[in-house]
Each structure stands twice: as C-alpha cells, then as structure tokens.
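After the sequence you'll find the predicted model.
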Amino acid sequence: MSKIKVAELFYSIQGEGRYMGVPSVFLRTFGCNFKCQGFGMPRGELSNEANNVDPSKYSDYRSLPLVSTGCDSYASWDPRFKHLSPVLDTDQIVDEIVRTLPHKQWQDEHLVITGGEPLLGWQRSYPDLLRHPKMRGLKEITFETNGTQELSEEFHNYLNAWQRKYDDREVTFSVSAKLSCSGEDRKEAIRPDIVSEYEQYGYTYLKFVVATEADATEAIITAGIYRAEGFQGPIYLMPVGGVESVYNLNNRRVAELAMKNGLRYSDRLQVPLFKNEWGT
C-alpha cells in the first residue's frame, strides 16, 4: 500500500484558477524543490520571515502564524516543520478525504493535490490513491505544480490508462511557473518542455504570481517561451499576497494588468474570505 507524507488535508473552496469557487478537498503533500523567498520582497531581496517561526512551539498546522513575505505555505516544505506532517497510507488518506466531504461521498466536489510540490516522489502513490474504491465518484482532479517535474513512467502509464477508461474524469495541471520575483533561478523554474508534456494528459494552464508591471512584462515574455515550445493552454495573472494587507495592495492592479495584456485574471479567494489561514 502506498504512503504519502501529508502536510494538510482539508475541505474548502478552490480560491484560484480554473475551479475558483468550486467546493474542493485539498491534499497538501510535504516537500518542494523551491523556497520562493522573493515573494513580497523588493526585487533581488529574499525573505527570512518564516525562519523566525520557532517550530518547537507548534503541534499542528492550524496554529502556525501566517507570513506576509516569502512562501505562504512555508511549513509544507521546510524540514524544520516535518514533525507536523504524518506519513499516511492510502486507506488512511481516503478515509480522511471522505470524512471531510459534506455527504461522505463524492458528488460535485473536486480534488486538489497541492504542496509544496506534489509531483516530486509522491507520483508513485497517486495511482493507488485514485484507484481506491471510495474515490470512484471523483470526476475532477487538479495537480497544483510549479511545472518543473517530469511525469514518472508509472504515472505516465496510469494517466494513459485513465484516459481510456474514464471518459467522465478530468485531470487539470495548474502550473504556477515561478518568475524572478519568486527569488528562484530562472533556468530551473521555467521548463516549457515539461509543461507541454502535461498537456498530453489533461487541461493545463499557466498561473503567474505578479505584483508590478515589470512582473507582468516578464510573465508575457515567459509565456511566449512556453508558446514557442507548443504550449496551448490559457495564461493567468494572479496577485502576490498571502496576507490581506499585501493582497489588497495588489489585486486590483494585477486585474488591470491582466485586462491590459489580454490575459486571464485569477483571484485568491482564500485571502479575503478566510484570511489565508492554514486549512482553508
């Protein structure tokens, strides 16, 4: 039986992208290949805000403080917080998923597998998870990824078989490709060859987190690189801001930048609705 190190598992509404507003179960896996310490910082500077959070003072995610700079899901990849993320087997995960559903079975809800980076080593566990008898009513699944991880051969084969067997199931890859404002190295963060591969198996879109016109310009240039590699999907701009004060400074400006450049705008509903608290 497969196992996954689970950072969070909760029921909420999807606040971003294609399924914004849809009731969803979020399975947040532990671990990421990026830190995104540049978000909310002056260009070229990195945030150390999360480093000031003492992990020994917390026993669960919901009591963790939010950060206004850097990665807003910092505890889902920082090894200092790994004690908050249990390793669960498939049966345990599915039972917890079902427990969160309003009717204790899948109806109109959608599953979001996020992180961290959910397409790291946990790919090997997803066939077991999604084949589980209690997941049979699930129709829509999103992988929220940074778009840098190739699909494993096993997961390739599973998705191929899935396409033949399940005409009524849809896979989405929500790709949050990291611009320079994230603080990540561009050569590692921008992988259009990998993202184009995702399109073979499901609806795929790009979602760029931006704050300024310079960020939007970089997003447009970067989108052109993906297009040159054959990427066909939609492109969203989304405001930076894991806390309401930062989000409110950026959301209207980013919406206007999206309109100005003929791109889609994605809100972050979890910020105004739930203050982006853990477990929302």
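Received the coordinates, thanks.

now this structure, which segments are flagged as low pLDDT?
For the chain, the stretches with pLDDT under 70 are 166-167.

Can you show me the strands along it?
For the chain, applying DSSP state E gives strands covering 3-13, 23-29, 87-89, 110-114, 140-145, 170-175, 203-210, 235-239, 264-265.

closest one to P55 among those?
Smallest distance to P55 across the strands of the chain (C-beta to C-beta): 13.2 Å, for strand 3-13. Every C-beta, even on glycine, is put in place using the N, C-alpha and C of the backbone.

List the buried residues in stretch 248-255.
Buried residues in stretch 248-255, counted by 16 or more other C-beta atoms under 10 Å: 250-251, 254-255.

which outside residues touch it?
210-211, 216, 237-241, 265, 267-268 (C-beta atoms under 8 Å, 6 or more residues apart in numbering).

What's the ChimeraX line that selects buried ones from these?
Those of the contacts of stretch 248-255 that count as buried under 16+ other C-beta under 10 Å are selected in ChimeraX with:
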select :210,211,216,237,238,239,240,241,267,268
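
Look up how far Y58 lies from R169.
The gap separating R169 from Y58 is 37 Å, by C-beta to C-beta, to the nearest Å.

returning to that earlier point: dump the strands of the chain into CSV; add distance to F39 as well.
Shown next, in CSV, are the strands of the chain (distance: least, C-beta to C-beta, whole Å):
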stretch, distance to F39
strand 3-13, 18
strand 23-29, 18
strand 87-89, 29
strand 110-114, 16
strand 140-145, 16
strand 170-175, 17
strand 203-210, 7
strand 235-239, 11
strand 264-265, 18
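
Out of these, the one nearest E277 is which?
When the strands of the chain are compared by C-beta to C-beta, strand 3-13 sits nearest E277, at 10.0 Å.

Paired strands for that closest one, with orientation please.
Strand 3-13 pairs in its sheet with strand 23-29 (antiparallel), strand 87-89 (antiparallel), by DSSP bridges.

Can you check what angle separates that strand from strand 110-114?
Strand 3-13 runs at 130 degrees relative to strand 110-114, counting by axes from the mean of the first three to the mean of the last three C-alpha atoms, to 10 degrees.

what ranges do the helices span in the stretch 151-280 of the chain?
Per DSSP state H, counting those that start in this stretch, the stretch 151-280 of the chain carries helices over the ranges 153-165, 186-189, 192-198, 213-228, 244-260, 270-274.

Render the CA-only coordinates of the first one in CSV, please.
Coordinates of the C-alpha atoms in helix 153-165 are reproduced here as CSV (Å, rounded to 0.1, in the frame of the first residue of the first chain):
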residue,chain,number,x,y,z
GLU,A,153,6.9,6.3,-16.4
GLU,A,154,4.5,4.7,-13.9
PHE,A,155,2.4,7.9,-13.7
HIS,A,156,2.5,8.3,-17.5
ASN,A,157,1.2,4.8,-17.9
TYR,A,158,-1.5,5.3,-15.3
LEU,A,159,-2.7,8.6,-16.9
ASN,A,160,-2.8,6.9,-20.3
ALA,A,161,-4.9,4.0,-19.0
TRP,A,162,-7.1,6.5,-17.2
GLN,A,163,-7.8,8.4,-20.4
ARG,A,164,-9.0,5.2,-22.0
LYS,A,165,-11.1,4.0,-19.0
